[in-house]
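Student: pasting the structure only:
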């Protein structure tokens, strides 16, 4: 029994045949009641068709008539059991979806905590940089940095692009940024090919991380210069 199933069964009031639950658990987890309702409908239609077929035959042997009616009755019974199972499956699917959402939110918050902690300025800095990379000028600045850092020198400036160029959808900037970082980690390698205008590359996640570190250092250096200028003016 899966962990999801055991926790759901402990809190649901829905009743369904245990054997059917065992057989359908995986399908219900991902598809809800859809496939179960289809099979329930098929069972009903087949039972009705068998009943009508039986009525259309004359002079049936008693054992044949009994067999057909028994099959139709079994199918009607199956349809009833599947109808109960469908209601159970709909609730189970909703439960699993909520659990997955909760788990994803916890994982994203853990990632965000590791990367930015409660430092809203650090989060805003990275969000602003990602927004900048969503512009043509931002991509050109990144490409020039690549050449300056000795990266992808065989590619023209116009043929270098950063993999990160927008925040992915989410409820808050913190979660959107965390989703973006997670995707970047999942697609870590550079994608390089021979394009129409020569070698072309979508840079790796490591390239983005190095560029982020560079921009942070530039920002810190600028802040120090501004602070020094302010002290000289006060003097």
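Tutor: Arrived safely. This is a predicted model, so every value here is computed, not measured.

Student: how near is the residue nearest to residue 82 when sequence neighbours are not counted to residue 189?
Tutor: Leaving aside its sequence neighbours, residue 82 sits nearest to residue 40 (CB to CB, 6 or more residues apart in numbering; 3.7 Å). C-beta coordinates here come from the backbone N, C-alpha and C atoms, glycine included. Distance, residue 40 to residue 189, by CB to CB, to the nearest Å: 47 Å.

Student: Model confidence for the residue sitting nearest the centre point of the chain, exactly?
Tutor: Residue closest to the mean C-alpha point of the chain, counted by CA atoms, centre = their mean, is residue 104 at 8.7 Å. Looking at residue 104, its pLDDT stands at 94.

Student: That one sits in which helix or strand?
Tutor: Residue 104 is part of helix 62-116, with elements assigned from DSSP states H and E.

Student: buried stuff in the helix or strand following that helix?
Tutor: As assigned by DSSP H and E, the chain's next helix or strand after helix 62-116 is helix 120-133. For helix 120-133, burial by neighbour count (16 or more other CB atoms under 10 Å) applies to 123, 125-127, 129-130, 132-133.

Student: same check, this time on stretch 15-34
Tutor: Neighbour-count burial for stretch 15-34, counted by 16+ other CB under 10 Å, picks out 16, 20-21, 24-25, 28-29, 32-33.

Student: so which of those residues comes closest to residue 207?
Tutor: Ranked by distance to residue 207 (CB to CB), the buried residues of stretch 15-34 are led by residue 29 at 38.8 Å.

Student: So the closest one versus residue 154, what's the distance?
Tutor: Separation of residue 29 from residue 154 (CB to CB): 49 Å.

Student: now residue 141
Tutor: Residue 141 is 20 Å from residue 154, by CB to CB.

Student: what's the answer for residue 211, then?
Tutor: In terms of CB to CB, residue 211 sits 19 Å off from residue 154.

Student: can you check residue 223 too?
Tutor: Taking CB to CB as the measure, residue 223 falls 36 Å from residue 154.

Student: so residue 75 sits right up against residue 51, yeah?
Tutor: No - using CB atoms under 8 Å, residue 75 makes no contact with residue 51, being 9.5 Å away.

Student: the more surrounded of these two?
Tutor: It is residue 75, of residue 75 and residue 51, that has more neighbours when counted by other CB atoms under 10 Å, with 20 against 17.

Student: From residue 85, how far out is that one?
Tutor: In this structure, residue 75 and residue 85 are 15 Å apart, going by CB to CB.
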